[in-house]
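> Generate coordinates for the sequence data below:
(one chain, ligands or ions: 1)
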Amino acid sequence: MNYYMNQQQKMQQKKTPLYDELKNHYTKRPVSFHVPGHKYGQAYEHDFATYLPLLHIDATEITGLDNLQDPQEVIMEAEQLAAQCFGSDQTFFLVGGSTVGILGMLMAVCAPNDVLIVDRNIHQSVIHGLMLAKAKAVFLPVTIDEQYGLPCGIDPHHLKQALQQYPEAKGILTTNPNYYGISSSLEEIASIAHHHHKLLLVDEAHGAHFGFHPNIPSSALEQGADIVVQSTHKMLTSMTMGAMLHTQGEHANALPIRKALNMVQSSSPSYPILASLDIARKQIVVDGKHLIDKSLQHITQLLKDIDSLPAIQYIKQQHNTDKKLDPFKLMLYDATGILSGKELQKQLEHRGCFVELATSRYVLIVFSIATTQQDLKRLSDALKDIVHQYKLRSEKRETATYSVHFDQEITEVLSFTSPLHQNQPIHQKHILKSIGYYAKNMIVPYPPGVPLLYAGQQITEKIAHQLMHILQEGSSVIGLSGNEILDVYERE
Ligand SMILES: Cc1ncc(COP(=O)(O)O)c(C=O)c1O
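The predicted structure follows:
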C-alpha cells in the first residue's frame with residue numbers, strides 16, 4: 001500500500017469512477033443495440049435473473065465505458081487510482097485472474113530462448129507462460145520450511161548460485177506468499193536481483209491484501225519487486241477472475257505488458273468484474289485498516305475457541321523465523337491423527353462450512369475482511385461438534401509433514417514441451433509403471449495447482465509414489481489420461 005498519500009489523493013481514493021459510470025449508464029435505462037446478446041438480462045427468465053443479478057451492468061465497450069485494451073477514460077482513471085493505492089507506477093486490471101497476468105508478464109519479459117530463474121513451487125500458469133514465451137527456465141530447489149513442513153520461498157543462496165551459473169537470465173520469478181499464506185521476506189531477493197540488474201517478478205496471487213495493515217506482511221511492491229500479479233478476487237473482495245498486475249521502476253516496461261495482456265485477455269472483458277476491482281480497491285484503501293482490525297479481533301477470538309479444543313491444532317507463527325503467516329489463513333489439523341485433512345473437510349462441509357482445500361493432514365481455511373463474526377462462530381461450533389462426535393480428546397502426535405518431491409538441485413529446462421505439439425509415440429502407462437519415461441502432459445494436483453510434473457519432465461520413483469499418494473487421499477489431479485494412467489514417451 002502507498003502510505004504517502006496526500007489529502008487530495010485520499011479524497012480521490014473514495015471515488016469508484018468505473019463502477020459509477022457503469023451504474024450511471026444503467027440508470028439511463030439504455031436500449032442495447034450492442035453485445036452482449038442477453039441485452040442487460042432481458043433474455044433471461046425470472047429465476048436466472050435472480051441468481052445472475054449483475055446482468056443490468058453487464059455492458060461492453062460502448063461510449064463512456066472505455067476500452068480495457070487501451071484505456072483512456074474511466075478504466076484508465078480506475079487503474080490510476082489502483083496504482084496510487086497499491087504503490088505501483090502502473091496498474092493493469094485483469095479479467096482472467098492472476099493466470100492471465102502471469103501469462104502476460106512472462107510473454108512481455110521473455111523472448112524465445114531467454115532464461116528465467118524460477119521458484120519451482122509455482123502455479124501451472126507460470127509453466128504455461130514459459131511455454132507461450134518459448135523461454136527456458138532454471139528452477140531453484142524448493143525450500144521446505146522445517147518448522148511448517150511446507151514449501152515456501154526461495155533461498156537467497158540458491159539464487160546467487162543460479163545467477164552465477166546463468167548470468168544471462170532475464171529475471172527471477174517467485175511465488176509469495178504461498179497458497180497456505182506463508183510468506184518470506186523479499187527484500188534480500190530483490191536486492192540480489194537488482195544487484196545483478198535482473199527483474200524480480202512476483203506471483204502475489206494470495207497476497208493482494210498485503211501491506212494494508214501493520215499485522216499483515218508487507219507487499220511485494222513495498223519490498224522492491226518490479227512486476228507483481230495479484231488475485232484481487234482471492235484475498236481482497238473483487239469478483240472471481242478480477243486481478244491486477246502492477247509494475248514499478250524504470251526496468252518494468254509497461255508497453256510490452258499491455259500488448260501481451262491484449263493477446264491473452266478477451267477483447268470483451270466483463271464490466272462487472274472490472275467494476276468490482278474498482279470497488280475492492282476503494283474498500284481496502286478507505287476502510288481497510290478498520291475492517292482488518294475488526295477481522296483480526298474476530299479471528300483472535302476464534303483461535304481462542306479452537307485453543308480450548310486440544311485435539312484441533314493449527315500452524316502457528318514461530319518467532320525464530322523470517323517466515324510470516326498470513327492471519328487470514330488457517331491451516332487446521334486434527335492432532336490426534338484420527339481425522340485426516342480430507343475427513344475433517346468432509347465433516348466441516350457436513351456442517352455447512354466449506355474450506356479452501358484439504359490435504360492428507362490439513363484443511364486450509366481462508367478468511368477475508370468480508371468474513372463475519374457469525375461465520376467464525378459457525379466454524380467454531382462445527383469444530384466443537386466434530387471433536388464431540390469423534391471423541392477427539394487430546395493431541396497425540398504433532399509432526400507436520402510435507403512429502404511432495406521436487407528436484408533439490410538447480411535444474412535447467414531448455415524448453416517446455418507443449419502437450420499440443422508432440423511427435424513422439426505416446427504410451428499409456430500406470431503411474432507406477434511410468435518411472436523413467438517422460439510426461440506428455442503437465443500433471444497438476446488441484447488445488448493448489450502446483451505442477452508435480454511439467455510436460456517433458458522425467459518421472460522418478462519418488463514422483464510416481466507421490467502422485468499415487470495424492471490420488472489415494474482423494475485429491476483431484478489434472479492431466480491424467482485415465483484412472484492412475486499417464487501419457488508418457490521415451491527419449492533416445
Ligand atoms: C500461487 C498462484 N498463482 C496464480 C494463481 C492463479 O490465480 P487465478 O485463479 O486468479 O487465475 C493461483 C490460483 O490458485 C495460485 O495459487
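
> ok and the residue in the chain nearest the ligand?
Using Cβ to the nearest ligand atom, Gly97 is the residue of the chain that sits closest to the ligand, at 2.4 Å. Yep, even glycine has a C-beta here, placed from its N, CA and C like the rest.

> Spell out which residues of the protein are next to the ligand.
Within reach of the ligand by Cβ under 6 Å from any ligand atom, the chain has these residues: 97-99, 123, 125, 175, 179, 203, 205-206, 231, 243, 448-449.

> Quick check: which of the residues you listed has the minimum pLDDT.
Within the residues of the chain next to the ligand, the minimum per-residue pLDDT falls on Pro448 (85).

> Now for the most centrally placed residue in the chain: which residues touch it?
In the chain, the residue lying closest to the centroid (Cα atoms, centre = their mean) is Ala205, at 3.1 Å. Counting by Cβ atoms under 8 Å, 6 or more residues apart in numbering, Ala205 touches Gly97, Ser98, His123, Thr175, Val229, Gln230, Ser231, Lys234, Ala243.

> Looking at these, which is nearest Lys323?
In terms of Cβ to Cβ, no member of those lies closer to Lys323 than Thr175, at 13.5 Å.

> For the closest one, give me its contacts.
Residues in contact with Thr175, defined by Cβ under 8 Å, 6+ apart, are Asp119, Asn121, Ile122, His123, Val202, Asp203, Ala205.

> Kindly state the beta-bridge partners for it.
Beta bridges link Thr175 to Asp203, judged by DSSP bridges.

> Point out where the chain drops to low pLDDT.
Residue ranges of the chain with pLDDT under 70: 2-3, 147, 395-408, 417-422.

> tell me which residues in the longest helix along it are buried?
In the chain, with assignment by DSSP state H, the single longest helix is helix 288-307. Buried residues in helix 288-307, counted by 16 or more other Cβ atoms under 10 Å: Gly288, Leu291, Ile292, Ser295, Leu296, His298, Ile299, Leu302, Asp305, Ile306.

> Off-centre distance for that helix?
Helix 288-307 sits 23 Å away from the centroid of its parent chain (Cα atoms, centre = their mean, to the nearest Å).

> list the contacts for Ser88?
Contacts for Ser88 (Cβ under 8 Å, 6+ apart) come out as Ala82, Leu221, Val228, His246, Thr247, Gln248.

> Let's verify it: helix, strand, or coil?
Classification of Ser88 using DSSP: H, G, I helix; E, B strand; the rest coil returns coil.

> State the distance from the residue nearest to Lys324 when sequence neighbours are not counted to Met239.
In this structure, Lys324 finds its nearest non-sequential neighbour in Pro217, 4.6 Å apart by Cβ to Cβ, 6 or more residues apart in numbering. Using Cβ to Cβ, to the nearest Å, Pro217 is found at 25 Å from Met239.

> if we can go back for a sec, could you list every residue that touches the residue of the chain closest to the ligand?
By Cβ under 8 Å, 6+ apart, the neighbours of Gly97 are Ala205, Ser231, His233, Thr240, Met241, Gly242, Ala243.

> For PyMOL, write the selection for the buried entries among those residues.
In PyMOL syntax, the buried subset of these is picked out as below (16+ other Cβ under 10 Å):
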select buried, resi 205+231+233+241+242+243
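
> what helices or strands is the longest helix of the chain leaning on?
Applying 3 or more Cβ pairs under 8 Å, 6 or more residues apart in numbering; DSSP states H and E, we find helix 288-307 packed against strand 312-314, strand 329-334, helix 373-389.

> Run through who's touching the shortest one.
This means strand 312-314. For strand 312-314, the external contacting residues (Cβ under 8 Å, 6+ apart) are 303, 306, 330-335, 383, 387, 392, 395, 398.

> 10 Å - rerun?
With Cβ atoms under 10 Å, 6 or more residues apart in numbering as the test, strand 312-314 has contacts from 303, 305-307, 325, 329-336, 339, 344, 362-363, 365, 380, 383-384, 386-387, 392, 395, 398, 400.

> Using neighbour counts, trim these to the buried set.
Buried among these by 16+ other Cβ under 10 Å: 305-306, 325, 329-336, 339, 344, 362-363, 365, 380, 383, 386-387, 392, 395, 400.

> quick one: which of the contacts of Ala205 is nearest to Ile431?
Using Cβ to Cβ, His123 is the member of these that lies nearest Ile431, at 22.6 Å.

> How many neighbouring residues does that closest one have?
His123: 22 surrounding residues under other Cβ atoms under 10 Å.

> which residue packs closest to it, ignoring adjacent ones?
His123 sits nearest to Gly449 (Cβ to Cβ, 6+ apart), 5.0 Å away.

> got the contact list for that neighbour?
Contacts of Gly449 by Cβ under 10 Å, 6+ apart are Thr99, Ile122, His123, Gln124, Ser125, Tyr179, Ala205, Leu357, Ile478.

> what does Met5 give?
Counted by Cβ under 10 Å, 6+ apart, Met5 has contacts Met11, Gln12, Gln13, Gln84, Cys85, Gly87, Val285.

> Including secondary structure, could those residues go into JSON lines?
Output for the contacts of Met5, formatted as JSON lines (three-state DSSP):
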{"residue": "Met11", "secondary structure": "helix"}
{"residue": "Gln12", "secondary structure": "helix"}
{"residue": "Gln13", "secondary structure": "coil"}
{"residue": "Gln84", "secondary structure": "helix"}
{"residue": "Cys85", "secondary structure": "helix"}
{"residue": "Gly87", "secondary structure": "coil"}
{"residue": "Val285", "secondary structure": "helix"}
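
> farthest pair in those residues?
By the measure Cβ to Cβ, Met11 and Gly87 form the most distant pair in these, at 17.9 Å.
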